[in-house]
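[1] Got a sequence here, can you model it:
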Amino acid sequence: MAELPTSEAIAALPEDDLLASIESTKRRIAELSSLLDAYLDDLTRRADAGDLDPTFSHNDWSFSLSPGRRTWDYPSRVRDLQAQANAAKKAAEADGSATPKLGAPFWSIRGPQP
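    The predicted model follows:
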């Protein structure tokens, strides 16, 4: 694994080098994420086939296969109430009775699209 630069080394980078380093890191993260997805797909396949327990430990890492996030499909009367609540929220935003809040600032960084 490559040695990580210190915060002092990062602060000393010229802007173009800083931006290039960010772009390179984002590309590597995307590549590693794709590789991890392939590994996880195979791990799931092995668990589904019964070749691997859905919960286990390896080298002090814990692995646990979750069945998926539960979602709900509501009856139309509940969906109608939700639509009314959403309309009331929009009205409160428009008339100024709702007050906006901002979370912590963050960067959005996207690479060129193929």
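[2] and the gap between the residue sitting furthest away from the middle of the chain and Gly111?
    Outermost residue of the chain with respect to the C-alpha centroid, by CA atoms, centre = their mean, is Asp95; its distance is 33.5 Å. Look at Asp95 and Gly111: by CB to CB, to the nearest Å, they are 41 Å apart. Any C-beta I mention is one placed from the backbone N, CA and C, and that applies to glycine too.
[3] Which pLDDT does the model give the residue nearest the centre of the chain?
    Nearest residue to the geometric centre of the chain (CA atoms, centre = their mean): Ser33, 10.9 Å. Ser33 carries a pLDDT value of 96.
[4] Compute the distance between it and Tyr39, please.
    Taken as CB to CB, the span from Ser33 to Tyr39 is 11 Å.
[5] Ser76 too?
    Relative to Tyr39, Ser76 is positioned 42 Å away (CB to CB).
[6] So which of these two has more stuff around it?
    With neighbours defined as other CB atoms under 10 Å, Ser76 and Tyr39 compare such that Tyr39 has more, 10 against 7.
[7] Against Ser64, how distant is the more buried one?
    Taken as CB to CB, the span from Tyr39 to Ser64 is 15 Å.
[8] cool, and Gly103?
    29 Å.
[9] Looking at those two, which is more packed in?
    Between Gly103 and Ser64, counted using other CB under 10 Å, the more crowded position is Ser64 (9 against 5).
[10] what's the closest non-adjacent residue to the more buried one?
    Nearest non-adjacent residue to Ser64, counting by CB to CB, 6 or more residues apart in numbering: Thr55, 4.6 Å away.
[11] Phe63 is in contact with the one you found, correct?
    Yes - when contacts are counted by CB atoms under 8 Å, Thr55 is listed as touching Phe63 (6.9 Å).
[12] quick one, which of the two is more surrounded?
    Phe63 (14 against 11).
[13] Neighbouring strands - and their directions - for the one helix or strand the more buried one maps to?
    Per DSSP states H and E: Phe63 is located in strand 61-64. Sheet pairing of strand 61-64 (DSSP bridges) gives strand 55-58 (antiparallel).
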